[in-house]
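[1] predicted coordinates and the sequence they were generated for:
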Amino acid sequence: MDQKLLAILACPLCKGPLKFDRQAAELLCYADALAFPVRDGIPVMLENEARALTLEERENR
């Protein structure tokens with residue numbers, strides 16, 4: 001993911017920073033414990049498309 005794009009993207013819920021997980025192709029919001037998918041290089045920033053982070057994922061920032 002382009003670093004410039006990542007720098008301007010924010011969580012749609014809390015407006016906090018996101019971390020890109022390249023391996024899973026997801027944008028992670030640790031504040032809301034959500035992972036937003038990136039499909040075909042396009043971030044899907046919809047709450048109903050996000051999955052909840054596991055406790056292990058939350059601890060292994």
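    Looks like it came in fine.
[2] what about residue 7, distance to residue 55?
    28 Å (C-beta to C-beta, to the nearest Å). C-beta: built from backbone N, CA, C; applies to glycine.
[3] swap in residue 41?
    Distance from residue 41 to residue 55, by C-beta to C-beta: 29 Å.
[4] just give me the residue right at the centre of this structure.
    residue 27 (2.0 Å; C-alpha atoms, centre = their mean).
[5] so that residue sits against residue 36, correct?
    Yes. At 4.5 Å, residue 27 counts as touching residue 36 under the criterion of C-beta atoms under 8 Å.
[6] and for stretch 16-36, what's in contact with it?
    Residues outside stretch 16-36 that contact it (C-beta atoms under 8 Å, 6 or more residues apart in numbering) are 1, 6, 9-11, 13-14, 37-39, 43-47, 49-53, 57-58, 61.
[7] rerun that using 7 Å as the cut-off
    Stretch 16-36 has contacts (C-beta atoms under 7 Å, 6 or more residues apart in numbering) with 1, 6, 9-11, 13-14, 37-38, 43-45, 49-53, 58, 61.
[8] for it, what is the distance to the chain centroid?
    2 Å (C-alpha atoms, centre = their mean, to the nearest Å).
[9] residues of it that come out buried?
    For stretch 16-36, the neighbour count (16 or more other C-beta atoms under 10 Å) marks 18, 20, 26-30, 32, 34-36 as buried.
[10] quick one: which of those sit in strands?
    20, 26-29, 34-36 (DSSP state E).
[11] tell me the phi and psi of the nearest residue to residue 45 once chain neighbours are set aside?
    Nearest in space to residue 45, with sequence neighbours left out and distances taken as C-beta to C-beta, 6 or more residues apart in numbering, is residue 12 at 4.9 Å. Backbone torsions for residue 12, taken as degrees, to the nearest 10, come to phi -70, psi -20.
[12] number of nearby residues for residue 12?
    Using other C-beta atoms under 10 Å, residue 12 is surrounded by 16 other residues.
[13] fine, thanks again, bye for now.
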